[in-house]
Each structure stands twice: as C-alpha cells, then as structure tokens.
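Student: okay, here's the prediction I keep looking at, along with the sequence it came from:
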Amino acid sequence: MKKHILVGIDRDGTIIKDDGYFGKKEDWKKQIDIYNGVVEGIKLLKGHELNVIIASNQSGVARGYFDCKRVEEINWEIDKRLKAEGAVVDGWHYCPFVGRDYAIEKCLPLTNPWVKEEDLRKPGIGMLKRACHDLRLNLDNSQIYFIGDQSSDVQAGLNANGKGILLLTGHGKREEDKVRRMKEQYSGRIFIAGNFLSAAKKVLEDIILKL
Ligand SMILES: [Mg+2]
C-alpha cells in the first residue's frame, strides 16, 4: 500500500456529535460523544498505513465562546478516548481564525484578533499543508482525502487536488444537495457516505482501484 496518502478528518459532526459550540459549556467533557464507527474507521485507515489527521475550524474562538486552550483540552480528551480504543491518529489541527466575510455576517468587529484572511480555515488547505510538513509529506505528491459533514470539508479535499467525502452525520444532510451539485462538476472526486466507517471504506476502495 502507498504510504504517501493523507486522510484529513473534520471533528464536530464527523468524529463527535455536534451540539453547537459545546466547548463553551462547563460540562463539555460530558458532552463529548464519539459516533459509532469512528474508532473502527480510524483503525481501518491506520491499519493500511495511511496518514490520518483531524483538522477542524473552531470559529467559537473568534466568536468569544471559548479560547484556544479549551479547543486543545477537548482535542486532547477526544484523542485520549480514541487511543483507549486503539484508534491513534497522526496529528490534530484547528483553525481559530475567521475571514472578514464571516466576521461581517456574524457582526464581529474587524479589529477582533481572530479575524484574519488566511488559508488555514477550511475550505483553505493550510491545515493540510501543516500536517504534510509535520509528517514529512509533500502535499503536491500526496494523495489527499478529506472527510467531513460540511461542503467546506469536501472543498478542502478538492482544493488540495484531492478528493472529498461528505458524511451525512452532523450537518451533512443539510449540505447534501449542495455537495450533489458539486459532484456534477468534480466527477469522481466527491463521495457521499452515511457514516464514518463507510467513508473510511470508500477511501480504501478508491485507493485500491488506483493500484
Ligand atoms: Mg463539522
């Protein structure tokens, strides 16, 4: 199996149930609920020697709901629970920044230090670039997949010249029509999966087809 393959995975609505900025709640630990099939899916991908990272947009930082420390505590807690089940990923990334358009839409002052135009926030590929750097992969020569419950996750995979998989968990059902329209434009580069395990299987099937 080729080893220069990177699978990026979204967090909220993909790995865990998305309760909408749950990090602002004091009992956030109790709110963490990992979807069925996530542990099996990660183990399946890692069992085939793929590089697997989790990369999430965390606009809650820019919106003042919680700080970066809370995001990292949550990531650490999820990582600990996944590891306890034998699912070990290769890295965690998040983007606390939002762009100007987002800030205007949400009435955030443009002087907010977390308002910044950059490609870290999905559908930008900054987190994939960082992951490639950390894992000593060359983004241009790697096969990239991105799994998530929003069209921006799918688009991040496409923007990295890779493929995107929309999950119908989290916000996925709301995004399905939009992603189906994207599919017409990006033939063969977008998949839709009902849950995480079937998304992981789709990645492996796609890789095997290319061998
Ligand atoms: Mg999500």
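Tutor: That came through, no problem.
Student: ok, the closest residue to the ion within the chain - contacts?
Tutor: Closest contact between the chain and the ion, by CB to the ion, is at residue 13 (3.6 Å). For the C-beta atoms, the positions are set from N, CA and C on the backbone; glycine is no exception. Residues near residue 13 by CB atoms under 8 Å, 6 or more residues apart in numbering: 148, 149, 150, 167, 169, 170, 171, 172.
Student: check residue 99 too.
Tutor: Shown in contact with residue 99 (CB under 8 Å, 6+ apart): 115, 116, 117, 121.
Student: cool, and residue 25?
Tutor: Counted by CB under 8 Å, 6+ apart, residue 25 has contacts residue 31.
Student: so for the contacts of residue 99, which is the shakiest by pLDDT?
Tutor: By pLDDT, residue 117 ranks lowest within the contacts of residue 99, coming in at 88.
Student: quick one, helices of this structure?
Tutor: In the chain, the helices defined using DSSP state H lie at 28-31, 38-47, 59-62, 68-84, 100-105, 126-134, 151-159, 172-185, 196-210.
Student: would you turn those helices into CSV with mean pLDDT?
Tutor: As requested, the helices of the chain are exported to CSV (pLDDT from 0 to 100):
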stretch, mean pLDDT
helix 28-31, 94
helix 38-47, 97
helix 59-62, 96
helix 68-84, 98
helix 100-105, 94
helix 126-134, 97
helix 151-159, 98
helix 172-185, 95
helix 196-210, 92
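Student: which of the contacts of residue 99 count as buried?
Tutor: When the contacts of residue 99 are checked for burial by 16 or more other CB atoms under 10 Å, the buried set is 115, 116, 121.
Student: what's the distance between the second one and residue 102?
Tutor: Between residue 116 and residue 102 the computed distance is 11 Å (CB to CB, to the nearest Å).
Student: closest to residue 207 among the contacts of residue 99?
Tutor: residue 121 (27.6 Å; CB to CB).
Student: how about the backbone phi and psi for the residue of the chain most remote from its centre?
Tutor: The C-alpha centroid of the chain is most remote from residue 111, which lies 27.6 Å away (CA atoms, centre = their mean). With angles defined as degrees, to the nearest 10, residue 111 sits at phi -80, psi -10.
Student: report pLDDT for it.
Tutor: 92.
Student: so what's it up against?
Tutor: So residue 111 contacts nothing (CB under 8 Å, 6+ apart).
Student: and the residue lying closest to residue 62 once chain neighbours are set aside, how many neighbours does it have?
Tutor: Ranked by CB to CB, 6 or more residues apart in numbering and with sequence neighbours excluded, the top spatial neighbour of residue 62 is residue 114, at 3.6 Å. If you count neighbours by other CB atoms under 10 Å, residue 114 ends up with 18.
Student: what's around residue 54, how many residues?
Tutor: 25.
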